[in-house]
Structures are given as structure tokens and as C-alpha cells.
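A.B. asks: Sequence first, predicted model second:
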Amino acid sequence: MRKLIIALLFTLPSLGMAASSYIPLEKANIDLRDQASLQRGAKLFVNYCMGCHSAQYQRYNRMGRDIGLTDEQVRDNLMFAGDQVGDTMTIAMPAGDATSWFGTPPPDLSVISRSHGVDWIYTYLKSFYVDESRPFGFNNAVFPDVGMPHTMWELEGLKKAVTETVIDADGDETTRIIGFEQVKPGKLNANEFDQAARDLTNFLAYTGEPIRVERERLGIWVLLFLGVMFIFAYLLKKEYWRDIH
């Protein structure tokens, strides 16, 4: 019964803030070639996300090499348990305990950027607001009634939702979120937190497809090769068919 009650708390819509979202997705404008951004994003991920979320399809040492870190730097700055540098980025929380505490295990974030897109992630990270009716005291305009706290609230500070009431053609009223108002400052100002959200989004985009930069680099050479080969193939075709045409 206790597990059922906890699950209901995380799945039932909030009664205290029955507001839909009208927050458009912002452009993340990430750069997978920006290793400094990826390094900052990796630091944010292990400090603020890996308490609950794993990236089990990524290995520490592979990640380190891709974003410009040595194995020693990865061990000293991004590993806080007794894992080996060749291990995958898993968490210590057993799935059974996670289900008891949260109603469902927090999802692995290895490919979250491929399922939702980077603009969604970036906007989601910036759309938490105070909602006392929720179990953790926060809600999210992009993912209403999400079952997780705002782990980076100390960096961003606290915001409240700004809403408006809209009356449709049938006369029904709907309250929707149109923005946010800062009620308590955080350690970072707005521009700095925007950059932090972008760095974390950049890192999650990397984990979703670690080979992307290399794939795009090789793709240019492949297209150039095909272009040159097309010229020779066309000249060869003309030579074969010269007597017919």
C-alpha cells in the first residue's frame, strides 16, 4: 500500500497548479567540437544527475578520451566511487529501491538526446519552478508533474511560474504557464546558468552519439571521394558508349 501511494503521488496530476504549459522550446545551440563545454557538462552530469540517472552505455575512459581528458583526470574529477576507469557510467542505486522511493526507476540518460532532442533537454533544464503541491516542491513547464526534484536549484535559484488565463471559443477557461519570475537568486546569474544548461545538454548529446563528430568528418571525405569517382565513371561511360552515341 505504501508503494502504491508513492507511485500515485508521482503520477497523478497536480491539483494545486493545474496549469498547462505554453513554453516554446529554446534553441540549444550546442557544439560537439567544444571540448571545454563537454568537460563542464560532464562535471555537471556526475555531480547533479548521476545520483539517480546512469549513462550505462558510456564508459568513463572512452568519454574522457573523446572530451580531451586523461584517465587520471577522469578518476580525479569525474569518478566518486570505487569504479575502474574502464567501467560504464552506472549508479549504485538498486532498481528495487528506486521503485520504492520514486514509484519508477529514474531512466538511463545515455540516449535521452536522441529520443527527445537537444532543444527539449535544454529548455527542460531551464523550466523548473516552485510548486509546493509536488512531492519534491518543484514542477516543470516542459514536463508537467515530472517525478524529480530540481537538482540544480542552488545554481539557478528559485523561480515561480507566471501564468495567464485563456478563454476558448466554448467559454472554458484554461490557465497556462507563459514564463517565470525569479524569487530567490542562485549561485549563478541567468547567463551563467544558461551556459551550464547548454554545457549539460552538449554532454548528453555527446553520450547519445559519441562517434558523431568523427562520422561527420569522415562523411565529408566520403562525399568528396564519390564526387571524384563520379567524374571518372562518367568519362569511362562516355568512352564505352562513344561508338553508339
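C.D. replies: On my side now, so go ahead.
A.B. asks: Let's see the host helix or strand of Arg75 as PDB, backbone CA atoms only.
C.D. replies: Under the criterion of DSSP states H and E, Arg75 resides in helix 71-78. The C-alpha trace of helix 71-78 is given here as PDB (Å, rounded to 0.1, in the frame of the first residue of the first chain):
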ATOM      1  CA  ASP A  71      42.300   8.600 -17.400                       C
ATOM      2  CA  GLU A  72      43.900  10.200 -14.300                       C
ATOM      3  CA  GLN A  73      41.800  13.400 -14.800                       C
ATOM      4  CA  VAL A  74      38.700  11.300 -15.200                       C
ATOM      5  CA  ARG A  75      39.400   9.400 -12.000                       C
ATOM      6  CA  ASP A  76      40.300  12.500 -10.000                       C
ATOM      7  CA  ASN A  77      37.400  14.700 -11.200                       C
ATOM      8  CA  LEU A  78      34.600  12.600 -12.500                       C
END
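A.B. asks: Run through who's touching it.
C.D. replies: Residues outside helix 71-78 that contact it (Cβ atoms under 8 Å, 6 or more residues apart in numbering): 42-43, 46, 60-61, 63-64, 69, 85. No exception for glycine: its C-beta is placed from N, CA and C like everyone else's.
A.B. asks: what about 10 Å?
C.D. replies: Residues from elsewhere that reach helix 71-78 (Cβ atoms under 10 Å, 6 or more residues apart in numbering): 39, 42-43, 45-47, 50, 59-65, 67, 69-70, 79, 83-86, 89.
A.B. asks: Buried ones in that helix, by neighbour count?
C.D. replies: Burial within helix 71-78, assessed by neighbour count using 16 or more other Cβ atoms under 10 Å, is assigned to 74-75, 78.
A.B. asks: would a markdown table of these with distance to Trp241 and pLDDT be doable?
C.D. replies: Formatted as a markdown table, the buried residues of helix 71-78 follow (distance: Cβ to Cβ, whole Å; pLDDT from 0 to 100):
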| residue | distance to Trp241 | pLDDT |
| --- | --- | --- |
| Val74 | 59 | 94 |
| Arg75 | 64 | 92 |
| Leu78 | 61 | 93 |
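A.B. asks: now, which of those sits nearest Ala161?
C.D. replies: Proximity of these to Ala161 (Cβ to Cβ) peaks at Leu78, which lies at 34.1 Å.
A.B. asks: what about the helices in the chain?
C.D. replies: In the chain, helices defined by DSSP state H lie at 2-11, 35-48, 60-66, 71-78, 95-102, 112-116, 118-125, 153-156, 190-208, 212-240, listed in chain order.
A.B. asks: Touching, Gly27 and Trp120? I think so.
C.D. replies: Actually, residue 27 is Lys rather than Gly. No. With contact defined as Cβ atoms under 10 Å, Lys27 does not reach Trp120; the gap is 11.2 Å.
A.B. asks: Those two: which is more packed in?
C.D. replies: Set Lys27 next to Trp120 and count neighbours by other Cβ atoms under 10 Å: Trp120 wins out with 18 against 10.
A.B. asks: my read: that one touches Val142, true?
C.D. replies: Yes. In this structure, Trp120 is within contact of Val142 by Cβ under 10 Å, at 6.8 Å.
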